[in-house]
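Trainee: Make a model of this:
(4 chains)
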2 protein chains.
Amino acid sequence: MADPGEPDGMKYEAVTIKDIAKALGLSTSTVSRALRDSYEISPETKRLVMEYAEKINYQPNPIALSLKEKKSHTIGVIVGEIANSFFSQIINGIESVAKTQNYNVIISQSHESFDKEMSNLQYLTSRSIDGLLISVSAETTDFSSFKEISAKGMPMVFFDRIVDEIDTHKVIADNFTGAYNATSHLIRKGYKRIATICNASILSIAKERLAGYTAALKDHGLPVEDSMIRYCKHGGMFRDEMEESLKELFTNKKKPDAIFASSDKITMGCLRILRSQGYKIPGDIGLIGFSNGEFTELLDPPLSVIKQPAFEMGQLATQMLLQLIESKNPVHIFETKVLSTEMIVRGSTK
Amino acid sequence: MADPGEPDGMKYEAVTIKDIAKALGLSTSTVSRALRDSYEISPETKRLVMEYAEKINYQPNPIALSLKEKKSHTIGVIVGEIANSFFSQIINGIESVAKTQNYNVIISQSHESFDKEMSNLQYLTSRSIDGLLISVSAETTDFSSFKEISAKGMPMVFFDRIVDEIDTHKVIADNFTGAYNATSHLIRKGYKRIATICNASILSIAKERLAGYTAALKDHGLPVEDSMIRYCKHGGMFRDEMEESLKELFTNKKKPDAIFASSDKITMGCLRILRSQGYKIPGDIGLIGFSNGEFTELLDPPLSVIKQPAFEMGQLATQMLLQLIESKNPVHIFETKVLSTEMIVRGSTK
DNA sequence: TTGTATGCGTTATCAG
DNA sequence: CTGATAACGCATACAA
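Mentor: Alright, predicted model coming up:
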């Protein structure tokens, strides 16, 4: 009972140039040229080919094209977690630019693990990507693979968590100023003993934000104490890690009265843990942190945050990458673009 | 001063079988077979090839393989928004399964727009994907493209927002029961006039959830009134749309005293808008909704929610898709898997 | 203006 | 056991 022309369950097969050529009694090269609107093809033939191609809905096989051109028109992205507002906004930025240039995006997640990052890297480069956008994982201390791949000529752009030692374009937010403003805000609110919980200490963003925090304290004549500075090696991925950091801070002789949280995950973790311990946050303890999540405005009391220009960062990084990819001659001068952060102050009382 | 062997800025070029063959004085076919550990190659040659390949870090070119095998080892995914916890959890589920089978995942977002959905569909199918995972956009009423592609033999699996009329595997949550339990919970809390804000009325999930809501009211002897039921055509993507729905509900002669929100975005929207209007939510007005976001536990008062098993749904859908892709003979019997939802009750007082 | 031949990297088929 | 050749779909140098 099956339709003989379209057997049930047949494999999905696309039309090729060959099919068109056969149907029209032309050679594949003529068809190919006609489709690309080459000057050497007669208008008449072009019309014929175009119309037929349209009719049978011809789509060039991108895989064959990739093989021929040695270009996959695909860029790889490695981020920590898709389920993190900062990264999902970044991805939106990346996609918005990639789409306009007809580039394909393959996203992979490190889940803040070095091993996963390396296997993703391996996977992506073996997938013949044309370029790579990366924000390194919190665990990564060994950058040799990145260096190697970069040295081999793979266009890459680092964003957010960058690697200084690798010579390529980078895009970051003005983490120093963001952290400086955040800390200053807490100080203006009257907090005196401001602690900070940072990301893994090797991360560029952690260093920059710590520097901003430190500078703000100094500028306001407050002491900078090591006992008020904690690191989360895994970027706050695990609740244990966060709890440990907080516990250490609060078993200090001098307890902190406020916290500057250095990342999305950490901001969220502080809120969650301290509230579950019965503190009113912010209030009993001051809190301000980096966060691109939408939830902070729904909190009561509302939380002030530092937002990164994630979407723009994704866009910019992608623009730079595509430029690297498409440039004929190798680029020798690499830029580091710095975007402004935005402090969103919510709730006027302490 | 440049190293003559590795000219600065050279293009990223991978080693091929040819390089190995040349270096070892063998033919490409021999090398190919040796690498695949074929029985017809002498152990000695195998060792030689393997070792050399290892040494120069040979990676087979997946594009060439794809061309040959007419399989890209890539699956396409179309979701509404990556920046939505439900979808990002889904994606994590998808990736976790795809990775174990060495499949590649290309994600695209419809942003709840039919046009974007269609252009993504077009893009993905032209990218020679081996299969497709889809949750249709809130705007989609015309399923002809999906049908066409499915009829052409493209393996596809629908999840969450499914299309009944297309014959293929589907994975959904038990939306009826979820909605039933949510509504019953509000009733138990003593609310009498429970409204609901649904997704676009054509969406399968909207229908199922509405049915659960209706059944719960009826079972508890409460009236079902059209004036208490609102739809968001764009899934609550736009604040205007949400505000309009709420306004309509609250300008009713009989105002609702509680709301069952039928999706992540709608739950969030209700919270945001009603709170900005000065209501204490939940409290002044009861609220329970579908939500996979992490923020709900941070709210004060805490919000009860219905969680979908997103990760599991992504996993299951991917398993089914890969099975479809890899099955030699066409599958004729398609299943619809239904996963349980989970109601998370927070805050014991009304 | 159009057709033929070649190659991109790989594997399968067929010869040796 | 190993090598030559064709093919996947496309674009292009070269012929006609």
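Trainee: where does chain A dip in pLDDT?
Mentor: A:1-11, A:348-350 (pLDDT under 70).
Trainee: Pretty sure residue A:280 sits against residue A:301.
Mentor: Yes - using Cβ atoms under 8 Å, residue A:280 makes contact with residue A:301 at a distance of 7.4 Å. C-beta coordinates here come from the backbone N, C-alpha and C atoms, glycine included.
Trainee: can you tell me if stretch A:107-116 touches chain B.
Mentor: Yes - using Cβ under 8 Å from any Cβ of the partner chain, we find that stretch A:107-116 touches chain B at A:107-109.
Trainee: got the buried residues for that stretch?
Mentor: A:107-114, A:116 (16 or more other Cβ atoms under 10 Å in any protein chain shown).
Trainee: Spell out which residues of chain A are next to DNA strand C.
Mentor: Chain A has residues A:25-30, A:33-34, A:39-42, A:44-45, A:64, A:67-68, A:70 near DNA strand C, with proximity defined as Cβ under 7 Å from any atom of the strand.
Trainee: Find the nearest non-adjacent residue to the residue of the stretch 151-300 of chain A found nearest chain B, please.
Mentor: Closest to chain B within the stretch 151-300 of chain A is residue A:295: 3.1 Å, counting by Cβ to the nearest Cβ. Nearest non-adjacent residue to residue A:295, counting by Cβ to Cβ, 6 or more residues apart in numbering or on different chains: residue B:295, 3.1 Å away.
Trainee: which ones are touching the one you found?
Mentor: By Cβ atoms under 8 Å, 6 or more residues apart in numbering or on different chains, the contact set of residue B:295 is A:293-295, A:298.
Trainee: Please check those residues and keep the buried ones.
Mentor: Applying 16+ other Cβ under 10 Å to the contacts of residue B:295 flags A:293, A:295, A:298 as buried.
Trainee: Which of the residues you listed fall in strands?
Mentor: Among the buried ones among the contacts of residue B:295, no member is found in strands (DSSP state E).
Trainee: Could you measure from the residue of the stretch 151-300 of chain A closest to chain B over to DNA strand D?
Mentor: Separation of residue A:295 from DNA strand D (Cβ to the nearest atom of the strand, to the nearest Å): 47 Å.
Trainee: Distance of that residue relative to residue B:305?
Mentor: Residue A:295 is 13 Å from residue B:305, where distance means Cβ to Cβ, to the nearest Å.
Trainee: try residue A:74
Mentor: Residue A:74 sits 37 Å away from residue B:305, going by Cβ to Cβ.
Trainee: quick one: the strands in the stretch 201-350 of chain A?
Mentor: A:229-232, A:258-261, A:286-290, A:304-307, A:336-339, A:342-344 (DSSP state E, counting those that start in this stretch).
Trainee: Report whether residue A:170 is found in a helix, as I expect.
Mentor: No - per DSSP: H, G, I helix; E, B strand; the rest coil, residue A:170 lies outside any helix segment and is strand.
Trainee: Tell me what it is bridged to.
Mentor: Beta bridges link residue A:170 to residue A:158, residue A:336 when assigned by DSSP bridges.
Trainee: One more: residue A:107?
Mentor: Beta-bridge partners for residue A:107, by DSSP bridges, are residue A:77.
Trainee: Please see if stretch A:121-133 touches chain B.
Mentor: Yes - using Cβ under 8 Å from any Cβ, we find that stretch A:121-133 touches chain B at A:125-128.
Trainee: All the helices of the stretch 201-350 of chain A, residue numbers only.
Mentor: Remark: helices assigned in the stretch 201-350 of chain A by DSSP state H, counting those that start in this stretch are A:204-219, A:239-250, A:264-276, A:310-326.
Trainee: Give me the distance from stretch A:312-324 to the chain's centre.
Mentor: 11 Å (Cα atoms, centre = their mean, to the nearest Å).
Trainee: and what of stretch A:196-205?
Mentor: The mean C-alpha position of stretch A:196-205 is separated from the chain mean by 17 Å, Cα atoms, centre = their mean.
Trainee: swap in stretch A:29-42?
Mentor: On Cα atoms, centre = their mean, the centre of stretch A:29-42 falls 41 Å from that of its chain.
Trainee: Can you give me the buried ones in it?
Mentor: Using 16+ other Cβ under 10 Å as the test for burial, stretch A:29-42 gives A:30-35, A:41.
Trainee: What count of nearby residues applies to residue A:173?
Mentor: By other Cβ atoms under 10 Å in any protein chain shown, the residues close to residue A:173 number 27.
Trainee: how close does the nearest residue to it once chain neighbours are set aside sit to chain B?
Mentor: Using Cβ to Cβ, 6+ apart and skipping the chain neighbours, the partner closest in space to residue A:173 is residue A:308 (4.5 Å). Note on residue A:308: its distance to chain B, by Cβ to the nearest Cβ, to the nearest Å, is 14 Å.
Trainee: okay but residue A:308 is in contact with residue A:292, surely?
Mentor: Yes - with contact defined as Cβ under 8 Å, residue A:308 counts as touching residue A:292 (5.9 Å).
Trainee: More neighbours: which of these two?
Mentor: A direct count of neighbours by other Cβ under 10 Å for residue A:308 and residue A:292 places residue A:308 higher, at 27 against 23.
Trainee: list the contacts for that one?
Mentor: Taking Cβ under 8 Å, 6+ apart, one finds A:86, A:160, A:173, A:178, A:290, A:292, A:339, A:341 in contact with residue A:308.
Trainee: Could you single out the nearest of those to residue A:166?
Mentor: residue A:160 (14.4 Å; Cβ to Cβ).
Trainee: is it true that the closest one touches residue A:203?
Mentor: No - checked against Cβ under 8 Å, the pair residue A:160 and residue A:203 is beyond contact range at 9.2 Å.
Trainee: In the stretch 201-350 of chain A, which residue sits nearest DNA strand C?
Mentor: residue A:325 (17.6 Å; Cβ to the nearest atom of the strand).
Trainee: which residues touch that residue?
Mentor: Applying Cβ under 8 Å, 6+ apart to residue A:325 gives the contacts A:75, A:130-131, A:155.
Trainee: Would you check how far apart it and residue A:318 are?
Mentor: The gap separating residue A:325 from residue A:318 is 10 Å, by Cβ to Cβ.
Trainee: Write the PyMOL selection for whichever of the contacts of residue A:308 are buried.
Mentor: Remark: buried members of the contacts of residue A:308, expressed as a PyMOL selection using 16+ other Cβ under 10 Å:
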select buried, chain A and resi 86+160+173+178+290+292+339+341
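Trainee: Would you convert the contacts of residue A:308 into TSV that also reports distance to residue B:232?
Mentor: Below are the contacts of residue A:308 laid out as TSV (distance: Cβ to Cβ, whole Å):
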residue	distance to residue B:232
A:86	27
A:160	34
A:173	34
A:178	35
A:290	32
A:292	24
A:339	33
A:341	33
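Trainee: Could you export the contacts of residue A:308 as TSV, including distance to DNA strand D?
Mentor: TSV is the format used below for these (distance: Cβ to the nearest atom of the strand, whole Å):
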residue	distance to DNA strand D
A:86	39
A:160	37
A:173	40
A:178	47
A:290	46
A:292	41
A:339	38
A:341	44
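Trainee: Quick check: of the contacts of residue A:308, which lies closest to residue B:330?
Mentor: Nearest to residue B:330 among the contacts of residue A:308: residue A:86, at 43.7 Å, using Cβ to Cβ.
Trainee: picking that back up, could you export the strands of the stretch 201-350 of chain A as TSV, including distance to residue B:138?
Mentor: Converted to TSV, the strands of the stretch 201-350 of chain A look like this (distance: least, Cβ to Cβ, whole Å):
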stretch	distance to residue B:138
strand A:229-232	38
strand A:258-261	35
strand A:286-290	32
strand A:304-307	27
strand A:336-339	32
strand A:342-344	29
